[in-house]
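Engineer: sequence and predicted structure, then a few things I'm wondering about:
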Amino acid sequence: MKKTRVLPLLICGLLAGPAAPAQPLTALETPAQAGSQGTPPPDCGRQTSLLAYCPTPSDQGYAASSAAHAIANAMTIRLAFQCRLSGKQQVDRMRFSAAYIYNQVKQGETCDAGAYLTDGLDLARKQGVCREATFPGSRYACSRLPGEAERREAGRFRIRGYSTIFRLDAGAEDKINATLSALDWNNPVIAGLVVPPTFPEISPGSYRGQAAVVVDYDEKKEEFLLMNSYGPDWGEGGFVRMRFEDYGKLARYAYIISLGRMDCGLFSE
């Protein structure tokens with residue numbers, strides 16, 4: 001399939017939730033301000049892969065917390081790129097806490113309760129998210145809530161906003177092109193998917209929801225690279241390659257985040 005360059009669909013209304021206010025995106029995050037040809041300004045550091053800025057894939061364990069992990073991972077990747085952090089160890093040290101998100105937005109008392117991506121994104125916008133080192137998660141427990149110190153740190157790391165790049169009713173080609181365009185602008189894509197129990201193998205069977213972060217693509221092979229939350233022993237070091245065609249069928253909705261300006265010096269603390 002030949003890739004068609006289109007602008008991301010920055011829709012303000014959000015799927016399966018109340019409409020979100022429009023959030024302005026900087027030139028680093030949308031080609032709309034780059035000129036009539038949609039070409040990134042020379043100082044944008046355009047690249048296809050965000051793999052160098054990914055933390056070690058986390059493990060959600062028995063908790064139904066993939067949405068929270070996807071949001072925390074996307075925030076970590078985006079900020080690591082923005083601050084030009086180098087090396088896995090440095091990125092892992094500043095990674096954001098999935099537990100901080102999940103423990104507050106899960107739709108029930110037990111750890112098998114799912115969570116809406118929009119609820120997690122709204123929390124990241126209103127409260128912010130603290131670092132994993134400050135509020136570590138557990139594979140077996142999810143009842144702990146953040147205290148004053150954790151909330152105070154989280155307030156230093158609020159996302160400025162988020163935007164939907166495609167909705168449930170989008171066609172497969174639109175989903176693929178919107179994701180390609182977002183990656184070209186160094187935006188990790190938070191994708192809500194339906195996957196079979198045999199995932200990463202795509203085969204017939206019952207399907208369930210799973211959130212992951214799209215971080216790379218191979219145009220020749222027509223594949224996306226997704227970062228999952230089953231730990232580094234799953235798939236290819238915690239990642240999975242998915243054909244464009246399968247992604248177009250399995251992806252239901254996707255978001256990108258806008259961080260705004262943050263003090264990169266905070267990560268040396």
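Structural biologist: Thanks, I have it. In this text, all values refer to a predicted model and were calculated from it rather than measured experimentally.

Engineer: can you show me the strands along this structure?
Structural biologist: For the chain, the strands defined by DSSP state E occupy 161-166, 189-195, 208-218, 223-227, 239-243, 251-258.

Engineer: any chance of CSV for these, columns distance to M94, mean neighbour count and mean pLDDT?
Structural biologist: For glycine as for every other residue, the C-beta is placed from the backbone atoms N, C-alpha and C. What follows is the strands of the chain, written out as CSV (distance: least, C-beta to C-beta, whole Å; neighbours: other C-beta atoms under 10 Å; pLDDT from 0 to 100):
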stretch, distance to M94, mean neighbour count, mean pLDDT
strand 161-166, 20, 24, 97
strand 189-195, 19, 23, 95
strand 208-218, 16, 22, 95
strand 223-227, 16, 23, 97
strand 239-243, 20, 20, 96
strand 251-258, 16, 24, 96
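
Engineer: any chance of those in CSV, plus distance to R125?
Structural biologist: As requested, these are exported to CSV (distance: least, C-beta to C-beta, whole Å):
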stretch, distance to R125
strand 161-166, 6
strand 189-195, 13
strand 208-218, 17
strand 223-227, 22
strand 239-243, 27
strand 251-258, 9
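
Engineer: and of the ones you listed, who's closest to Y102?
Structural biologist: strand 208-218 (11.1 Å; C-beta to C-beta).

Engineer: quick one: which of the strands of the chain is nearest A63?
Structural biologist: strand 208-218 (12.6 Å).

Engineer: now the closest one and strand 251-258, what's the angle there?
Structural biologist: 60 degrees (axes from the mean of the first three to the mean of the last three C-alpha atoms, to 10 degrees).

Engineer: name the helices or strands packed onto strand 208-218?
Structural biologist: helix 66-82, helix 172-184, strand 189-195, strand 223-227, strand 239-243 (3 or more C-beta pairs under 8 Å, 6 or more residues apart in numbering; DSSP states H and E).

Engineer: go again using 6 Å as the cut-off
Structural biologist: For strand 208-218, the packing partners by 3 or more C-beta pairs under 6 Å, 6 or more residues apart in numbering; DSSP states H and E come out as helix 66-82, strand 189-195, strand 223-227.

Engineer: what's the closest of those to A212?
Structural biologist: Nearest of those (C-beta to C-beta): strand 223-227, 4.4 Å.

Engineer: show me which positions of stretch 128-138 end up buried.
Structural biologist: Buried positions in stretch 128-138, judged by neighbour count with 16 or more other C-beta atoms under 10 Å: 128-132, 134-135, 137.

Engineer: could I get the helices and strands packed on strand 208-218 as CSV with distance to R243?
Structural biologist: Listed next are the helices and strands packed on strand 208-218 as CSV, based on distance: least, C-beta to C-beta, whole Å:
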stretch, distance to R243
helix 66-82, 20
strand 189-195, 13
strand 223-227, 6
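
Engineer: of all the ones you listed, which one comes closest to R151?
Structural biologist: With C-beta to C-beta as the yardstick, what comes closest out of the helices and strands packed on strand 208-218 is helix 66-82 (15.8 Å).

Engineer: how far does the closest one sit from its chain's centre?
Structural biologist: 5 Å (C-alpha atoms, centre = their mean, to the nearest Å).

Engineer: for that helix, which outside residues touch it?
Structural biologist: Contacts with helix 66-82, where a contact means C-beta atoms under 6 Å, 6 or more residues apart in numbering, come from 50, 53-55, 58, 60, 91, 95-96, 98, 101-102, 115, 117, 120, 124, 186, 188, 190, 210-213, 227, 229, 257, 259.

Engineer: quick one, which of those are buried?
Structural biologist: 50, 53-55, 58, 60, 91, 95-96, 98, 101-102, 115, 117, 120, 124, 186, 188, 190, 210-213, 227, 229, 257, 259.
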